[in-house]
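Student: Could you work out the structure for the sequence below:
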Amino acid sequence: MTGRYQSIYNQSMADPVEFWRDAAEAIEWDRFPTTILDESDKPFYRWYRGGRLNICHNALDRHVAAGRGAQVALIHDSPVSDSKRFITYAELLDQVARLAGALRDQGVTQGDRVIIYMPMIPEAVAAMLACARIGAVHSVVFGGFAPHELATRINDATPKVIMSASCGIEGSKILPYKPMLDAAIDQAHHKPAHCIIFQRPQAHAALTPGRDLDWGQAMEAARPADCVMVEATDPLYILYTSGTTGQPKGVVRDTGGYAVALKWTMEHFYGLKPGEVFWTASDVGWVVGHSYIVYGPLLQGCTTLVYEGKPVGTPDAAAFWRVIEEHKVVTLFTAPTAFRAIKREDPNAELIANHDISTLRALFLAGERSDPDTLNWAETHLKVPVIDHWWQTETGWPIAGNPLGLDLLKVKYGSTAVPLPGWDIRVLAADGTPVKRGDIGAIVARLPLPPGTLPTLWNARERFFKSYLADFPGYYQTSDAGFIDDDGYIFVMARTDDIINVAGHRLSTGAMEEVLSGHSDVAECAVIGVADALKGQLPLGFIVLKRGVDRPHAEILAEIVKKVRDEIGPVAAFKQALVVERLPKTRSGKILRGTMQKIADSEAWKMPATIDDPATLDEIGTALKQAGYAKAG
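Tutor: Here you go, the predicted model:
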């Protein structure tokens with residue numbers, strides 16, 4: 001492989017310290033780092049030791065000082081509340097500085113934690129930046145999380161203040177947040193000193209005297225706060241991700257490395273220039289929202305679009321096209337599941353023709369494996385590069401992808417393309433030895449990880465080591481399985497838990513899903529491994545059909561079984577699939593395969609905290625029982 005990408009990637013491998021020293025020049029520092037990579041406490045590496053900066057200054061103040069205060073920093077488009085707002089950099093800076101002053105008035109100082117429990121409104125972005133402005137550590141909890149899940153995060157982060165809103169809006173339904181917040185605080189051992197509540201017009205929240213403050217009144221009473229310079233290694237935020245023990249893991253993100261990595265990726269990976277409109281159709285409660293709704297676009301001086309709604313049903317499957325046309329979106333980043341939903345409702349893309357989406361330059365997909373059929377559909381109808389890329393809550397930014405800002409490389413369907421500069425990716429067998437090119441194994445990253453990745457877990461250094469570093473010494477364990485081909489392209493096939501063992505053969509459920517999704521009648525699908533007395537496990541498919549398909553299900557299922565046999569071979573032992581109306585997913589779009597497998601095998605399971613609609617698991621359970629599975633209970 002030749003070209004700009006390969007040259008820059010080689011530089012990052014040959015001399016990572018010099019590479020990331022150069023990248024740090026794009027950030028404004030109060031004091032430039034004295035040590036680029038601190039290796040004194042291996043395997044707990046730290047980047048930019050001795051550096052001091054403020055990420056809010058880099059996201060807002062520097063652009064206003066450079067004369068770009070009149071540029072729109074944030075567009076809020078909310079079809080569920082039928083409202084739009086346009087906030088300039090100067091206006092956002094003023095709001096953030098005043099909100100930071102309000103936090104300071106409640107005793108929040110550098111290093112204190114603040115939980116943010118908010119819907120997709122501009123105030124959620126302002127809250128994150130206000131914490132960063134004064135050196136407080138924010139922990140965003142997805143708006144609408146159940147009280148118990150919120151309580152576990154309150155106990156772990158021990159926030160001095162919680163910032164919330166009176167309600168969220170899901171479709172046409174008003175979801176009051178305050179009763180859930182009150183219930184969580186009642187359950188929690190730790191009690192915050194204050195809650196600051198933003199009153200939305202759709203619902204009024206009753207305030208608890210002595211504890212709760214009205215958001216608007218608190219801001220009016222506050223003086224704007226200046227930026228507090230913090231150490232590059234100081235935590236910026238804690239973001240909780242599910243843990244195998246039931247206790248969520250608090251992923252820590254430091255300030256300096258994160259700022260450098262995001263600024264670098266906005267230009268060199270996503271290919272965005274200052275002033276362009278970048279739309280990440282996600283939620284600030286997820287890592288994607290932290291990195292590429294809030295910090296990344298604003299560090300790059302882009303206009304970020306905050307969208308409150310779903311890709312289908314607000315009001316129809318043309319929601320994305322309307323937003324792109326109206327706001328002149330240059331780049332869209334969303335989950336494959338969003339496009340599967342659109343494709344299911346409008347399989348021939350008839351609604352796209354009603355909108356001028358000529359400003360769109362690229363579509364980026366991440367969060368779930370992007371099946372070739374969905375990629376093809378998007379490429380055909382959007383007529384722009386469609387880039388599948390791979391990263392995790394823990395990494396904070398992409399591990400692998402097609403680097404649009406450097407070179408647009410050849411697309412290989414099913415692959416997340418090549419590792420980004422800074423990432424030394426290997427595939428290992430269970431005993432830690434490298435596998436042959438093309439063979440499936442555990443995907444790992446050689447230490448040290450690049451800047452912006454997690455340095456530890458909140459108050460859980462030993463858990464961090466056991467979760468990510470212990471199994472393969474010298475490497476970060478991604479818990480994803482896949483292979484690297486002869487061209488260096490990475491194929492992420494499944495979570496390591498989703499590699500099934502059929503009569504001694506290790507098989508990827510992702511490879512089977514790829515075949516299923518290629519059937520002309522299938523809108524989306526999932527494959528799990530179910531227990532089998534003879535072969536250990538057997539694959540079981542679930543398929544959701546496209547709208548308007550009225551052929552006999554038995555006929556479609558027979559075609560699917562034959563298709564897997566033809567494309568993967570008899571070794572797959574794929575003999576059964578179930579037609580279902582929908583698949584159970586998290587709110588970020590990940591299919592809950594692990595929970596489906598437990599239900600099928602009659603194992604004990606717990607309702608996932610992040611589930612979008614619990615009723616989907618009842619539907620899956622019913623379908624499994626009709627097929628002879630899920631016999632317990």
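
Student: Isn't R446 up against G422?
Tutor: No - judged on C-beta atoms under 8 Å, R446 makes no contact with G422 at a distance of 10.7 Å. C-beta: built from backbone N, CA, C; applies to glycine.

Student: Could you check which of these two is surrounded by more residues?
Tutor: Taking neighbours as other C-beta atoms under 10 Å, R446 and G422 compare with G422 leading, 24 against 14.

Student: What does the pLDDT read for the more buried one?
Tutor: You'll see G422 listed with a pLDDT of 98.

Student: backbone phi and psi for it, please?
Tutor: phi 100, psi -20 (degrees, to the nearest 10).

Student: What distance do you get for the residue lying closest to it once chain neighbours are set aside to P421?
Tutor: Using C-beta to C-beta, 6 or more residues apart in numbering and skipping the chain neighbours, the partner closest in space to G422 is P450 (3.2 Å). Distance, P450 to P421, using C-beta to C-beta, to the nearest Å: 8 Å.

Student: Touching both of these two, which residues are there?
Tutor: S12 (C-beta atoms under 8 Å, 6 or more residues apart in numbering).

Student: Contacts only, for F44.
Tutor: F44 sits next to P455, T456, R461 when contact means C-beta under 8 Å, 6+ apart.

Student: 10 Å instead?
Tutor: Listed by C-beta atoms under 10 Å, 6 or more residues apart in numbering, the contact partners of F44 are D38, L447, P448, P455, T456, R461, F464, F465, L469.

Student: follow-up on the earlier one: what's the overlap in contacts for R446 and G422?
Tutor: Jointly contacting R446 and G422 under the rule C-beta under 10 Å, 6+ apart are M13.

Student: Please say which of P450 and P421 ends up with more neighbours.
Tutor: Under the criterion of other C-beta under 10 Å, the comparison of P450 against P421 puts P450 first, with 27 against 24.

Student: Would you agree the more buried one is in contact with W397?
Tutor: Yes - counting by C-beta atoms under 10 Å, W397 is a contact partner of P450 at 8.5 Å.

Student: returning to that earlier point: now, the contacts of F44 that are in helices?
Tutor: Among the contacts of F44, the residues falling in helices (DSSP state H) are R461, F464.

Student: buried subset of the contacts of F44?
Tutor: Neighbour-count burial (16 or more other C-beta atoms under 10 Å) applied to the contacts of F44 gives D38, L447, P448, P455, T456, F464, L469.

Student: which ones among these are found in strands?
Tutor: With DSSP state E as the criterion, strands contain D38 from among the buried ones among the contacts of F44.

Student: what would the buried ones among the contacts of F44 look like in TSV with distance to K631 and pLDDT?
Tutor: TSV is the format used below for these (distance: C-beta to C-beta, whole Å; pLDDT from 0 to 100):
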residue	distance to K631	pLDDT
D38	55	98
L447	45	98
P448	48	98
P455	46	97
T456	43	97
F464	39	97
L469	40	97
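
Student: Identify, from the buried ones among the contacts of F44, the entry nearest to G621.
Tutor: Nearest to G621 among the buried ones among the contacts of F44, counting by C-beta to C-beta, is F464 at 35.3 Å.

Student: Was I right to think that closest one contacts L449?
Tutor: No - the criterion here is C-beta under 10 Å, and F464 misses it with L449 at 12.0 Å.

Student: list the residues that contact both of these two?
Tutor: Shared contacts of F464 and L449, defined by C-beta under 10 Å, 6+ apart, are found at P43, E394, P455.

Student: just the strands in the stretch 201-350 of the chain please.
Tutor: Applying DSSP state E, counting those that start in this stretch to the stretch 201-350 of the chain gives strands spanning 212-214, 230-231, 235-241, 249-254, 277-280, 303-307, 331-334.

Student: and stretch 526-544, how far apart are its ends?
Tutor: 9 Å (C-alpha to C-alpha, to the nearest Å).

Student: which ones are touching the nearest residue to T34 once chain neighbours are set aside?
Tutor: Among residues not flanking T34 along the chain, G50 sits closest, at 3.2 Å (C-beta to C-beta, 6+ apart). Listed by C-beta under 10 Å, 6+ apart, the contact set of G50 reads R31, F32, P33, T34, T35, I36, D38, E231, A232, T233, G256.

Student: now G50: how far from L469?
Tutor: From G50 to L469 the distance is 25 Å (C-beta to C-beta).

Student: likewise L583?
Tutor: 33 Å.

Student: L93 too?
Tutor: L93 sits 40 Å away from L469, going by C-beta to C-beta.

Student: same thing with K585?
Tutor: 30 Å.

Student: Longest helix of the chain, counting residues only.
Tutor: Ranking each helix of the chain by length (DSSP H) puts helix 89-105 first.

Student: mind listing what V330 touches?
Tutor: 270-273, 275-279, 302-303, 324, 359-362.

Student: Heading C-terminal from the helix or strand of the chain with the lowest mean pLDDT, find the next helix or strand.
Tutor: Ranking every helix and strand in the chain by mean pLDDT, DSSP states H and E puts strand 505-508 at the bottom, with a mean of 70. Sequence-wise, the next helix or strand downstream of strand 505-508 (DSSP states H and E) is helix 509-517.

Student: Work out the sheet partners of the following helix or strand past that next one and label each with its direction, please.
Tutor: As assigned by DSSP H and E, the chain's next helix or strand after helix 509-517 is strand 522-532. For strand 522-532, the pairing partners within the sheet under DSSP bridges are strand 536-545 (antiparallel).

Student: Name the residues of the helix or strand just after the strand it pairs with that come out as buried.
Tutor: Heading C-terminal from strand 536-545, the first helix or strand you meet, by DSSP H and E, is helix 553-567. Going by neighbour count (16+ other C-beta under 10 Å), the buried part of helix 553-567 is I556, L557, I560, V561, K563, V564, R565.

Student: Check the offset of helix 553-567 from the chain's centre.
Tutor: 33 Å (C-alpha atoms, centre = their mean, to the nearest Å).

Student: Quick check: closest non-adjacent residue to L299.
Tutor: Excluding its sequence neighbours, the residue lying closest to L299 (C-beta to C-beta, 6+ apart) is K263, at 4.7 Å.

Student: Any idea how many residues pack against the one you found?
Tutor: 22.

Student: if I read this right, it contacts N58, doesn't it?
Tutor: Yes - between K263 and N58 there is a contact at 7.8 Å, judged by C-beta under 10 Å.

Student: Residues in contact with both of those two, list them for me.
Tutor: Joint contacts of K263 and N58 (C-beta under 10 Å, 6+ apart) are A26, I27, Y295, L299.

Student: which one of those sits closest to H138?
Tutor: Using C-beta to C-beta, Y295 comes nearest to H138 of the shared contacts of K263 and N58, at 11.3 Å.
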